[in-house]
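In: Compute the structure for the input listed below.
(2 chains)
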Amino acid sequence: MSSYPDDLLYHPEHDWARLDADDPDVAVLGITWFAQDALGEVVFFDPPSPGTIVHKDEPYAEVESVKAVSDVVAPLSGEIVEVNEKLADSPNAINEDPYGEGWLVKVRMSDPTEREALLDADAYSATLGA
Amino acid sequence: MRRTPLYNRHVAAGAKLVDFAGWEMPVQYPDGVRAEHMAVRERCGIFDVSHMGEIETVGPDAEALLQRLLSNDVAKIAIGGSQYSVLCDERGGVLDDLFTYRLEPERYLTVTNASNHERDLAWFRSYAGDFDVELHDRIDDYAMLAVQGPLARELVQAISDAPLPARMTTAMRRLAGAEALVCATGYTGEDGVELLLAPGDASALWDELCRRGATPAGLAARDTLRLEACFHLYGNDLSLERNPIEAGLGWCCREDTNFIGSQAIRVARTALSSSGASSHAEPAVSPSGRPPERLIAFEIDGQGIARQGNPIVGGGTVTSGTLSPCLGVGIGMAYVPAEHATLGTVLQIDVRGKIRPAIVKQKPLYRKAS
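Out: All right, here's what the predicted structure looks like:
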């Protein structure tokens, strides 16, 4: 069932960011339950390389289901410092656990104030018309 | 949007519904496309394909009209037989690909693609004036179910009042009490049947087949299954811009029957058979006016999934692409210049900016175990 945890920040293009408790400059990024449900079973995640610079509101990676490919939009700007290597073998973790095992990348944020433009769980849920 | 008689069944099953050629159709059910795909490969799946159209051609000149319109030799269809063919315009461009069933000596039923039905019907009517025939639009008179997979015939046989027709033939049967035209054809690369019946009988038959173990499968699985089997999809692999020779469908074109488009197709076929050998043949062109290309099947070598519209370095375009649930790799079909169409050729496909190598493979990409 759909879920939108309260501890995440959301981008209206159906992405989430979790600020890393250990390192305040780093955010973990992923796609929301709504996004994975719309896409269907994810069969391929094509990650960017560590070191790649991503820009808020712009695509930085692709996730593919059997039927379709979808851009993943960056909710925050920064440099990719880590990608979820496990998704190469089990991309369906994005469906099964989109906020946990299905995380996509970690980003060292270049402008921490950008987070203020993101939505909380209630505001994001409201955009889904649920 | 139009709905099939099984719409309520799809909603109750939790299917995702999409607009397909103006019809609200199930693209997948909750278990997902891979589970549906494997159910068809290993057991039995059931598809609602009631959006497909039917044109009935009846009368003393029924065969003659169809011979003029359809690419194959219609005179070869026995009573109770079926035949695949393409419908072409004068340039040899493909208007549709269709199955025709001969129900009676002077009565034929032609199954159309939903997206082309109205155009096909208008095309049939525009040529019918010189022939002693009646044409009937039967799209509202038939629901259509495809029951496909290694157990499909067994499942349908169990509720049939008589033995099922042999492969590629058709017969009227009572299935769990409902009159149905049983056609031993399909679009998945598996054994199976396609059932045409009155819309009012469709839900009960659907329920009965599901109760006996058929897995509902949607349009997404229909697409991955047909692509593994290298069956063409109109709008992707077939269009007015390509002739059937380019599409690898020369086997269903009999130019000696003088069908519409046969002259252009004869030129295209002659050029193909003499390509590289001589300069005497007329230069063949695609209906689009471009040099002809060849439709090939490919597998991606490594990661990635090519999609419809991806260009190929050095010329050519992907017309269908997906992840093959059976092979576990990206597969597809593409039009490429003849010199790149040889089996084993490595193509470089531009998949949204990343170059992915792909190998030209023998069709079909998947062949059923038997």
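
In: any weak-confidence spans in the chain?
Out: Just going to use chain A. A:130 (pLDDT under 70).

In: Sorry, I should have been clearer: chain B.
Out: In chain B, residues with pLDDT under 70: B:274-283, B:370.

In: For it, what lies in contact range of chain A?
Out: Within chain B, the positions lying close to chain A (CB under 8 Å from any CB of the partner chain) are B:16, B:27-28, B:32-34, B:220, B:223-224, B:303-305, B:307, B:322-323, B:325, B:352, B:354. All C-beta atoms are positioned from the backbone trio N, CA, C, and that covers glycine.

In: how about the residue in the stretch 151-300 of chain B positioned nearest to chain A, secondary structure?
Out: In the stretch 151-300 of chain B, no residue comes nearer to chain A than B:Ala220, which is 4.9 Å away by CB to the nearest CB. For B:Ala220, the assignment made with DSSP: H, G, I helix; E, B strand; the rest coil gives helix.

In: need the contact list for it.
Out: Contacts of B:Ala220 were listed using CB atoms under 8 Å, 6 or more residues apart in numbering or on different chains, and they are A:40, A:66-67, B:27-28, B:33, B:36.

In: Find the nearest non-adjacent residue to it, please.
Out: Excluding the flanking residues, the one nearest B:Ala220 by CB to CB, 6 or more residues apart in numbering or on different chains is B:Val33, at 4.2 Å.

In: Need the phi and psi values for that neighbour.
Out: Note on B:Val33: its backbone torsions stand at phi -60, psi -40 [degrees, to the nearest 10].

In: Equivalent analysis for the one 10 residues further on, please.
Out: Note on B:Arg43: its backbone torsions stand at phi -140, psi -100 [degrees, to the nearest 10].

In: wait, what's in contact with it?
Out: B:149-151, B:213, B:215.

In: show me what contacts B:Thr317?
Out: With CB under 8 Å, 6+ apart, B:Thr317 has these contacts: B:309-311, B:334-335.

In: So which of the residues you listed sit within helices?
Out: If you go by DSSP state H, these have nothing in helices.

In: In ChimeraX, how would I pick out whichever of the residues you listed are buried, leaving the exposed ones unselected?
Out: Applying 16 or more other CB atoms under 10 Å in any protein chain shown to the contacts of B:Thr317 leaves a buried subset, and the ChimeraX line that selects it is:
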select /B:310,334,335
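
In: Okay, and which of the contacts of B:Thr317 map to strands?
Out: B:334-335 (DSSP state E).

In: And for B:Leu209, the neighbour number?
Out: Here the number of neighbours of B:Leu209 (other CB atoms under 10 Å in any protein chain shown) works out to 24.

In: Quick test: name the residue nearest the centre of chain A.
Out: Central residue of chain A (CA atoms, centre = their mean): A:Gly30, 1.9 Å from the mean position.

In: what separates the host helix or strand of B:Gly321 from the chain centre, distance-wise?
Out: Under the criterion of DSSP states H and E, B:Gly321 resides in strand B:317-323. Chain-centre distance of strand B:317-323: 16 Å, with CA atoms, centre = their mean, to the nearest Å.

In: How about stretch B:110-122?
Out: Per CA atoms, centre = their mean, the centroid offset for stretch B:110-122 relative to its chain is 13 Å.

In: list the buried ones in it?
Out: B:110-117, B:120-121.

In: What of stretch B:355-370?
Out: B:356, B:358-361, B:365-366.

In: Could you dump those into JSON lines and include secondary structure?
Out: JSON lines is the format used below for these (three-state DSSP):
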{"residue": "B:Arg356", "secondary structure": "strand"}
{"residue": "B:Ala358", "secondary structure": "strand"}
{"residue": "B:Ile359", "secondary structure": "strand"}
{"residue": "B:Val360", "secondary structure": "strand"}
{"residue": "B:Lys361", "secondary structure": "strand"}
{"residue": "B:Leu365", "secondary structure": "coil"}
{"residue": "B:Tyr366", "secondary structure": "coil"}
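
In: ok, so of these, who is nearest A:Gly51?
Out: When the buried residues of stretch B:355-370 are compared for distance to A:Gly51 (CB to CB), B:Arg356 comes out closest, at 22.3 Å.

In: Chain neighbours aside, what residue packs nearest to A:Leu128?
Out: A:Phe34 (5.7 Å).

In: what about the one you found, distance to chain B?
Out: In this view, A:Phe34 and chain B are 13 Å apart by CB to the nearest CB, to the nearest Å.

In: So that residue is in contact with A:His14, correct?
Out: Yes: the pair A:Phe34 / A:His14 is scored as a contact, 5.4 Å apart, by CB atoms under 8 Å.

In: okay, those two: which has more neighbours?
Out: A count of neighbours by other CB under 10 Å puts A:His14 above the other of A:Phe34 and A:His14, at 22 against 18.

In: give me the element the closest residue to the more buried one other than its chain neighbours is part of.
Out: Among residues not flanking A:His14 along the chain, A:Ala35 sits closest, at 3.7 Å (CB to CB, 6+ apart). Using DSSP H and E, A:Ala35 sits in helix A:33-39.

In: pull the CA atoms of that helix into PDB?
Out: Extracted in PDB, the C-alpha atoms of helix A:33-39 (Å, rounded to 0.1, in the frame of the first residue of the first chain):
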ATOM      1  CA  TRP A  33       5.900   4.700  -3.700                       C
ATOM      2  CA  PHE A  34       3.600   6.500  -6.200                       C
ATOM      3  CA  ALA A  35       6.500   6.600  -8.800                       C
ATOM      4  CA  GLN A  36       7.300   2.900  -8.500                       C
ATOM      5  CA  ASP A  37       3.700   2.000  -8.600                       C
ATOM      6  CA  ALA A  38       3.100   4.000 -11.800                       C
ATOM      7  CA  LEU A  39       6.200   2.500 -13.400                       C
END
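
In: contact partners of it?
Out: Contacts of helix A:33-39 (CB under 8 Å, 6+ apart): A:2-4, A:14-15, A:42, A:63, A:65, A:68, A:70, A:94-95, A:98-99, A:102, A:128.

In: quick one: which of those sit in helices?
Out: Short answer: the contacts of helix A:33-39 in helices (DSSP H) are A:94-95.
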